[in-house]
Structure formats: C-alpha cells, structure tokens
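J.: From the sequence below, what's the structure:
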Amino acid sequence: MKILLTGSTGQVGYELERSLQGLGEVVAVDRTRMDLADLDQVRDVIRAVRPQLIVNPAAYTAVDKAESDTELAYRINAEAPAVMAAEAKALGAALVHYSTDYVFSGHEAQPRREDDPVGPLNVYGASKLEGERAIAASGVPHLIFRTSWVYGMRGKNFLLTVLRLAKEREELRIVDDQHGAPTWSRTIADTTALILAQARAGGQPWWDANGGMYHLASQGRTTWCGFTQAILEEAGIACRLVPITTDQYPLPAPRPQFSALDTSRLQERFVLLPEWREALRLCLG
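T.: Presented below is the predicted three-dimensional model:
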C-alpha cells in the first residue's frame, strides 16, 4: 500500500511518519512539496503519487490569526480536504483526516459525541467543520478523527510555550474556566496506525463497516490551568501559577468553555485511549 502523508514536519505529521512505517510505502510531504493553499499543487501531487491511502494531518491551526485570515483558513481547512477527497475517490483510494473539538460551541458541560449538534464559535472551527462535511459528502472511503488540545515536543503548542515561559517568568497567569482533554500527538499517530492496520487487513468491506467520524482524544479532562500545573509538576519546574478567567485574557477568537470529547465509539470499536496525565508523563519522560 502506498500512503501519501501530508504535513510531515508538523507535530502530528512527524509522529505519523514514524507510526505508519510497516503499513506500506509512506510518501511524506511537507508544505514545500505540497502546500494546501495551492489547490492545483494538491491535485498534481496526488495524481503523481497515486496513493491507495491519503493521511492528512496538515491544517491551518493559527486559531486567532484565522479570524482575520479567513480566506486562507478556509482554503487549507475546507477546500484542500475537498480536493483530496475528490482525487482519492477518483483513484479508488481512502482518506484519513483530522478535525477538532472546536467544531462544538462548548455551551453544554458534558463530553460531545460524534453526532451531537455542532456550532463553532470561531473561523478555525468553522473551516474545519466545512472540511469534514466536504469529505463526508464526497462518498470517498474515509476516517475523520476529531481531536483536542494537541501537544508534543516539536512545533508550536501549549506544552512548549509553558515550558519556555516558566523558565523566563516567576508567575504564569493561565485560564482556568475552559475544559478539555490535552492529547499527545504520538497518541493520535499510534492510534491511527493501529486502526489502519485493521483497515488494511479488512479491505473495502472494513471501510464500508467502519468508516466515518470518530473522536480521538485522551481520557479525562482538565483546564488550561490544570494542564499547566501538570506540566510544571512533571517537568520539575517551580513557577507561581495564577488561575484566571477567559474574560481576563481576551483573544481575537472565542473558545468553547467545555470541549471535552466522548471517545466511547472509537474505544468500543478499536482501541483504548490513555488518560491525559499519563500521556503527558510519557511525553516528558
């Protein structure tokens, strides 16, 4: 099986390039080889590689910048996945795509299931939702994994920001009224690979029976402040932590207050997922 992997230098893409080894020939491309903002290039690369599977972790993830960079966010997060889906269907290939907890409004204080009503509060979430819908409407065999609060040891993410700031400052003021599940990029990659190993063994009947939307995130939930406290404890860094409210730290893009995902569908069908604190410990260990 030939696998086209996008965004190979991103935090999830980097982990996927490792995790997907053994499932087939992985053709990994970064933005210099396939820029999702260039839809013609997306088509050209897919037609040249002719993969049996496309795995697309690449995305526009600058949540606040997206509020003023709407056209580019939609091109990368909505239009490019639509092109991938169309090209994959033409080739008889399948598509794996990643979405976000930010497709939900966060107004309900309970974990969201795959079929719960959506209602993104910001451009980033809305653009990712359009990408989901375009893939589902295309008819291509697919898996869409919604995940949340992604972090890792490379790229730009909350974990690395906290580690840097905690060494530069005596005090960190962190939002304590937004709830979700921090999810290690390696958890996402390894879970994807385990599921795709089943798919490879099952062939087209597997996709017919198991394709669709799944929530893929660590178990349990915390706040950004709670996540920060855990990072400091696991890293052995002493820094004063001050909980604040969302209103005390205004940003261009509104965030959902409660964006925990119900992952029971994925776990019942495929594989158990780790607790968020244990995954953080492994990441920093």
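J.: can you pull out the strands in the stretch 101-250 of the chain?
T.: Remark: strands of the stretch 101-250 of the chain, listed N- to C-terminal, are 142-147, 150-151, 171-175, 179-180, 183-184, 212-215, 222-223, 240-244; assignment by DSSP state E, counting those that start in this stretch.
J.: right, and Ala134 touches Pro81 too?
T.: Yes: the pair formed by Ala134 and Pro81 meets the contact definition of Cβ atoms under 8 Å, at 5.8 Å. Yep, even glycine has a C-beta here, placed from its N, CA and C like the rest.
J.: In terms of neighbours, single out the busier of the two.
T.: Set side by side, Ala134 and Pro81 show unequal neighbour counts under other Cβ atoms under 10 Å, the larger going to Pro81 at 32 against 20.
J.: tell me the contacts of the more buried one?
T.: Applying Cβ atoms under 8 Å, 6 or more residues apart in numbering, one finds that Pro81 lies in contact with 56, 95, 97, 131, 134-135.
J.: one more time with 7 Å, if that's ok
T.: Under the criterion of Cβ atoms under 7 Å, 6 or more residues apart in numbering, the contact partners of Pro81 comprise 56, 97, 131, 134-135.
J.: Out of the residues you listed, which two sit at the greatest distance?
T.: Using Cβ to Cβ, the contacts of Pro81 reach their maximum pairwise distance at Asn56 and Ala134, which is 12.0 Å.
J.: Chain neighbours aside, what residue packs nearest to the residue of the chain most remote from its centre?
T.: When each C-alpha in the chain is compared with the mean C-alpha position (Cα atoms, centre = their mean), Glu170 comes out farthest, at 31.6 Å. Nearest-residue entry for Glu170: Arg240, 6.1 Å, with adjacent residues in sequence omitted and distances by Cβ to Cβ, 6 or more residues apart in numbering.
J.: can you list contacts of stretch 195-215?
T.: Residues outside stretch 195-215 that contact it (Cβ under 7 Å, 6+ apart): 1, 23, 94, 114, 141-146, 261-263, 265-266, 269-270.
J.: now stretch 20-37
T.: With Cβ under 7 Å, 6+ apart as the test, stretch 20-37 has contacts from 1-9, 17, 41-42, 45, 49, 51, 55, 58, 72, 75-76, 80, 193, 196-197, 200.
J.: now the helices for the stretch 101-250 of the chain?
T.: In the stretch 101-250 of the chain, helices defined by DSSP state H, counting those that start in this stretch lie at 123-138, 158-168, 185-210, 224-235, listed in chain order.
J.: Any stretches of this structure with poor pLDDT?
T.: Scanning the chain for pLDDT under 70 picks out nothing.
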